[in-house]
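Undergrad: got a predicted model here, sequence first, then my questions.
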Amino acid sequence: MTVLDTTPRFADPDAAYRAIIEAHRGLTEAESADLNAALVLILANQIGDLVILQQALALARATLGHAPRSILSADDTKLVT
Amino acid sequence: MKAAKPFARFAYRRHADQARATPAAYPVVIIGAGPVGLTLAIDLKLRGVDCVLLDDQDRIGGGSRAICFAKRTLEIWDRLGCAAPMLEKGVRWNIGKVFQGEDLLYQFDLLAEPGHKMPAFINLQQYYAEKFLVEHAQALGLDLRWLNRVVGIEAGGQGARLGIETPDGAYSLDASFVIACDGARSPARALLDLDFMGEAFEDQFLIADVRMTAAFPVERWFWFDPPFHSGKSCLLHKQPDDIWRIDLQLSPDADAEHERRPELVRPRIERMLGHGAFELEWISVYRFQCRRLERFVHGPVIFAGDAAHQVSPFGARGANSGVQDADNLGWKIAAALRGRAGMIESYDRERSEAADENILNSTRATDFIAPRHMAEARFRDAALALARQTAFGKRFVNSGRLSTPTAYRNSPLSTPDDAGWADGPPPGAPMPDAPLGNGYLSERLGHGFALLHRPNGNERPAISGLPLIEVTDSDEALIQRFELMPGSAYLIRPDRHIAARFRGTGRDAIVAALQRAGAV
């Protein structure tokens, strides 16, 4: 049975996280959203397994209620510092 | 513009039934002489089932409406004896191209596999298809009654009584089965007060047929965000008689009456074609819907085609699935009239599975073509961008997944495999055509069950009334397509789906499968 692997998979998770962040540096919110859309499709194809993809989508949806929204503006477009 | 001009007209004739004191009774009355009703009526006629075909019009409408007829539909019409004029008149096409902006993203070729009698698709105006079907029905002596409008349906346990209005006044008919093939706005569905469940899409589409002599190739061209129709989608497709179908996506809030005015349509199409040397033949504005009846069978009243289920046009799944409804239903009605139980229920099961598959595919295509909100549009555009660089990106792009016949995975009529099969059509799947001898397998089949068999030197599986089609070692393409090892056999249903298959040909197993599939 195929199951979404939620154990740490990267030897250096900080480097992987950083790579994602850096790819977004200098982009507008719209460009950033476009980049994410392309990235999701690329990674979904790399996974190539609908069951795992659905589990990943469910996990991502489950995080929506738990993000620290207090630091975001009403339209989620820019950080309020 | 000649939008309202009928393509053909037929004479209303008073029928002797209209003077009867008590209603005449028929095994089957079909409502609606469109492609579905005509296909079913011809099929029943060829099975010796007496039927009446009623239509509330006296004409074939001038608009092209359906234009793409798929291989399966052509195979059905070939069995019924009327594919030849369709093939002669229709435009064959194999290449589809998908553009974004001015760039070609990719192209596909429908000419997948040789060795089929019928082409993958032809484009043919629906009015031609209907004309050829009407001519065939008339040649067969079918009881076609124009300007007969059904205004009442009284369904009971043994059949239904129809109230019918004509230019000579009202009369009634009794029928064991009433088949409603009366289209997306089905009056029969309204008379029975049935819910048509599903969703409507927000975006509207302008559908136009233009007449021009053009240098465009005979291909299906689909644009996302073309330079001549910014931010929207567009389809261009060739029909016979120098007619071209153009679909233009409009905004959700576009005023349909306004948009269909020729003075607005012309400049749009001029921008698209780069010239004004065309005539507008037909214009319509649609808001597409994907809906279905929860059940296609309501006692003696059975729904087929758009009356039972409606899809958006991307993928040509409307008329093609309706003709397959008729193909699925004809032999089952004949069996039910002989007293065989469960056949009409199996129509509901099998064609529900097909309707769900068609709705799923056309909904996905419509959502891709007309994204519902910003996030959907982003993913769509990301897929288009990736399609320029990657093979997997091309597979995400969806301008319509073209109609193919549904494999009935859970049919009560199928006998599950009891031996190992790695390939070939499983029980419930549509039978693929293949070369056989000097012709094709499809030509060797009639209107009933048949057994496709590859001998292995043992006794032949002779079963009374079951035609045996023997394959020889030289029929290599067929053997490969069916994984037909010596001694193997396929039991093929009248609608040319697989009922069962056997690695050995034990007589008892074949007889049992025949019984299960409704042959007796």
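TA: Looks like it arrived, so ask away. Numbering: from 1, shown residues only, chains lettered A, B, ... in the order given.
Undergrad: distance between stretch B:107-122 and the chain's centre?
TA: Per Cα atoms, centre = their mean, to the nearest Å, the displacement of stretch B:107-122 from the mean C-alpha position of its chain is 17 Å.
Undergrad: likewise stretch B:310-326?
TA: If you compare the mean C-alpha spot of stretch B:310-326 with that of the full chain, they lie 4 Å apart, counting by Cα atoms, centre = their mean.
Undergrad: ok, longest helix in the chain?
TA: Reading this off chain A. Counting residues, the longest helix found in chain A (DSSP state H) is helix A:29-47.
Undergrad: chain B is the one I meant
TA: Under DSSP H, the helix in chain B containing the largest number of residues is helix B:343-369.
Undergrad: contact partners for the residue nearest to residue B:182 when sequence neighbours are not counted?
TA: Closest residue to residue B:182 apart from its sequence neighbours, by Cβ to Cβ, 6 or more residues apart in numbering or on different chains: residue B:32 at 3.7 Å. The way it works is simple: take the backbone N, C-alpha and C, and place the C-beta from them, glycine included. Neighbour list for residue B:32: B:54-55, B:180-183, B:305, B:307 [criterion: Cβ atoms under 8 Å, 6 or more residues apart in numbering or on different chains].
Undergrad: now residue B:166
TA: B:12, B:14, B:18, B:145, B:147-149.
Undergrad: show me what it is bridged to.
TA: residue B:169 (DSSP bridges).
Undergrad: and residue 30, how many residues sit next to it?
TA: With no chain named, the answer covers chain A. When neighbours are counted by other Cβ atoms under 10 Å in any protein chain shown, residue A:30 registers 11.
Undergrad: that's the other chain; I wanted chain B
TA: Burial measure for residue B:30: 31 neighbouring residues, criterion other Cβ under 10 Å.
Undergrad: kindly report the same for the one 3 residues further on.
TA: Burial of residue B:33 is recorded as 27 neighbouring residues (other Cβ under 10 Å).
Undergrad: okay, it and chain A: tell me how far apart.
TA: Distance, residue B:33 to chain A, by Cβ to the nearest Cβ, to the nearest Å: 43 Å.
Undergrad: and the contacts of residue B:166, which two are furthest apart?
TA: B:14 and B:149 (14.7 Å; Cβ to Cβ).
Undergrad: tell me which of those two has more neighbours.
TA: The neighbour count for residue B:14 versus residue B:149, taken as other Cβ under 10 Å, is higher for residue B:149 (17 against 13).
Undergrad: was I right to think the more buried one contacts residue B:162?
TA: No. With contact defined as Cβ atoms under 8 Å, residue B:149 does not count as touching residue B:162 (10.3 Å).
Undergrad: got any residues that touch both of the two?
TA: Overlap between the neighbourhoods of residue B:149 and residue B:162 consists of residue B:54, taking contacts as Cβ under 8 Å, 6+ apart.
Undergrad: can you show me the CA trace of the strand or helix carrying residue A:22 as PDB?
TA: According to DSSP states H and E, residue A:22 maps onto helix A:13-24. Output for helix A:13-24, consisting of C-alpha atoms alone and laid out as PDB, is shown next (Å, rounded to 0.1, in the frame of the first residue of the first chain):
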ATOM      1  CA  PRO A  13      16.100  19.800   5.500                       C
ATOM      2  CA  ASP A  14      17.300  23.400   6.100                       C
ATOM      3  CA  ALA A  15      19.000  23.400   2.700                       C
ATOM      4  CA  ALA A  16      15.900  22.100   1.000                       C
ATOM      5  CA  TYR A  17      13.700  24.600   2.700                       C
ATOM      6  CA  ARG A  18      16.100  27.400   1.900                       C
ATOM      7  CA  ALA A  19      16.200  26.400  -1.800                       C
ATOM      8  CA  ILE A  20      12.400  26.700  -2.000                       C
ATOM      9  CA  ILE A  21      12.500  30.100  -0.300                       C
ATOM     10  CA  GLU A  22      15.300  31.400  -2.500                       C
ATOM     11  CA  ALA A  23      13.400  30.400  -5.600                       C
ATOM     12  CA  HIS A  24      10.700  32.900  -4.500                       C
END
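Undergrad: what's the angle from it to helix A:29-47?
TA: For helix A:13-24 and helix A:29-47, the angle between their directions (axes from the mean of the first three to the mean of the last three Cα atoms, to 10 degrees) works out to 130 degrees.
Undergrad: so where's the chain uncertain?
TA: Answering for chain A, as no chain was given. Per-residue confidence of chain A (counting by pLDDT under 70) places the weak regions at A:1, A:66-81.
Undergrad: hmm, no, I was thinking of chain B.
TA: Judged against pLDDT under 70, the low-scoring parts of chain B cover residues B:1-5, B:112.
Undergrad: contact residues of it facing chain A?
TA: B:375, B:378-379, B:381-383, B:385-386, B:392-393, B:396 (Cβ under 8 Å from any Cβ of the partner chain).
Undergrad: in whichever strand or helix holds residue B:153, what's buried?
TA: Assigning secondary structure by DSSP H and E places residue B:153 in strand B:149-155. For strand B:149-155, a neighbour-count test (16 or more other Cβ atoms under 10 Å in any protein chain shown) marks B:149-150, B:153, B:155 as buried.
Undergrad: show me what the helix holding residue A:22 packs onto, helices and strands only.
TA: Secondary-structure packing of helix A:13-24 (3 or more Cβ pairs under 8 Å, 6 or more residues apart in numbering or on different chains; DSSP states H and E): helix A:29-47.
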